[in-house]
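1. predicted model follows, preceded by the sequence.
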Amino acid sequence: MTKNNIDNLIVIGDRVLIEPSMATKKTKGGLLLPAGYQEKEDVQTGYILKCGPGYPLPSSSDGEDWNPADREPRYLPLQVRPGDMAIFLLKNAVEIKYDGKKYFIVPQNGILMVEREEF
């Protein structure tokens with residue numbers, strides 16, 4: 001994983017920013033990728049760099065309308081975390097170029113599985 005100026009990027013909602021990994025037949029953890037795996041196929045792998053806050057939750061009607069603290073947005077956090085190696089569906093991804101590098105923005109429901117170093 002490398003860092004450019006991606007600290008300036010803010011990921012919205014249930015989306016994650018993924019740096020695509022180079023095509024290999026095996027991940028660091030030993031997960032074998034399918035035969036014929038290439039960049040343009042339906043399934044892609046990469047490392048999650050940033051995550052959005054999650055799924056927005058409805059605001060509580062228990063509070064008092066005049067209290068600004070009651071208006072703070074609440075989110076259901078995502079299962080994925082920065083540093084996870086993600087296997088995701090390319091059809092759900094949006095490819096972007098930032099600082100000359102290629103990244104994918106993927107909603108969490110487009111991620112099939114993650115590999116995490118520690119639990």
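-> All right, it came through fine. Numbers count the residues shown, from 1 in each chain.
2. right, and Arg74 touches Ser59 too?
-> Yes - taking contact to mean C-beta atoms under 8 Å, the distance of 7.3 Å between Arg74 and Ser59 places them in contact. Heads up, the C-betas are built off the backbone N, CA and C, glycines and all.
3. got phi/psi on the residue lying closest to Val11 once chain neighbours are set aside?
-> Spatial nearest neighbour of Val11, excluding adjacent residues (C-beta to C-beta, 6 or more residues apart in numbering): Gly52 at 4.2 Å. Listed backbone geometry of Gly52 is phi -80, psi 180, with angles given as degrees, to the nearest 10.
4. state the pLDDT value of Gly52.
-> Each residue has a pLDDT score; the one for Gly52 is 96.
5. Pro73 now?
-> If you check Pro73, the pLDDT there is 81.
6. excluding chain neighbours, what is closest to it?
-> Computed as C-beta to C-beta, 6+ apart, the closest residue to Pro73 that is not its neighbour in sequence is Pro56, at 6.1 Å.
7. surely that neighbour is in a helix?
-> No - counting by DSSP: H, G, I helix; E, B strand; the rest coil, Pro56 is not found in a helix; it is strand.
8. I figured it was touching Arg74, is that so?
-> Yes - the pair Pro56 and Arg74 passes the contact test of C-beta under 8 Å, sitting 7.4 Å apart.
9. who touches both of those two?
-> Common contacts of Pro56 and Arg74 (C-beta atoms under 8 Å, 6 or more residues apart in numbering): none found.
10. count of neighbours near the spatially closest residue to Gln108 that is not a sequence neighbour?
-> Of all residues beyond its chain neighbours, the one nearest Gln108 is Asp14 (4.7 Å), with distances taken as C-beta to C-beta, 6+ apart. Taking other C-beta atoms under 10 Å as the neighbour definition, Asp14 ends up with a count of 21.
11. before we move on, what about the one 5 residues further on?
-> Here the number of neighbours of Glu19 (other C-beta under 10 Å) works out to 19.
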